[in-house]
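*Asks:* this one's sequence-less:
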């Protein structure tokens with residue numbers, strides 16, 4: 001009996017973007033450099049939809065973990 005190994009599907013790359021570069025309506029993965037949290041947020045008409053954990057200040061997104069460092073945004077290509 002021969003057992004074939006299964007292949008995992010290739011991961012899709014992600015592009016690092018600024019909040020100003022986010023398309024009007026899209027889903028974005030946010031990485032907080034302060035607490036290393038990964039979350040998914042949504043933008044509508046170019047603005048962050050209301051969340052309890054993230055705040056948009058101009059072009060930057062901040063997590064409520066207490067760090068003053070802005071989050072990094074990633075969206076699938």
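*Replies:* That came in fine, so what should we check first? Keep in mind that this is a model prediction, so the values were computed, not measured.
*Asks:* alpha carbons only for contacts and neighbour counts from here, please
*Replies:* Fine.
*Asks:* Now do the spatially closest residue to residue 33 that is not a sequence neighbour against residue 55, distance only.
*Replies:* Excluding the flanking residues, the one nearest residue 33 by C-alpha to C-alpha, 6 or more residues apart in numbering is residue 71, at 6.3 Å. Plainly put, residue 71 is 10 Å away from residue 55 if you go by C-alpha to C-alpha, to the nearest Å.
*Asks:* shared neighbours, those two?
*Replies:* Listed as contacting both residue 71 and residue 55 by C-alpha atoms under 8 Å, 6 or more residues apart in numbering are 61, 62, 63.
*Asks:* host element of residue 61?
*Replies:* Assigning secondary structure by DSSP states H and E places residue 61 in strand 60-63.
*Asks:* How about that strand, which residues are buried there?
*Replies:* By neighbour count on 16 or more other C-alpha atoms under 10 Å, the buried set for strand 60-63 is 61, 62, 63.
*Asks:* ok, now which ones touch residue 55?
*Replies:* Neighbouring residues of residue 55 by C-alpha under 8 Å, 6+ apart: 48, 61, 62, 63, 64.
*Asks:* Do I have it right that residue 40 meets residue 28?
*Replies:* Yes. Residue 40 lies in contact with residue 28 (C-alpha atoms under 8 Å); the separation is 5.7 Å.
*Asks:* Just want to know which of these two has more residues nearby.
*Replies:* residue 28 (23 against 12; other C-alpha atoms under 10 Å).
*Asks:* Tell me what the closest residue to that one other than its chain neighbours is bridged to.
*Replies:* Spatial nearest neighbour of residue 28, chain neighbours left out: residue 75 (4.8 Å); criterion: C-alpha to C-alpha, 6+ apart. Note on residue 75: beta-bridge partners by DSSP bridges are residue 15.
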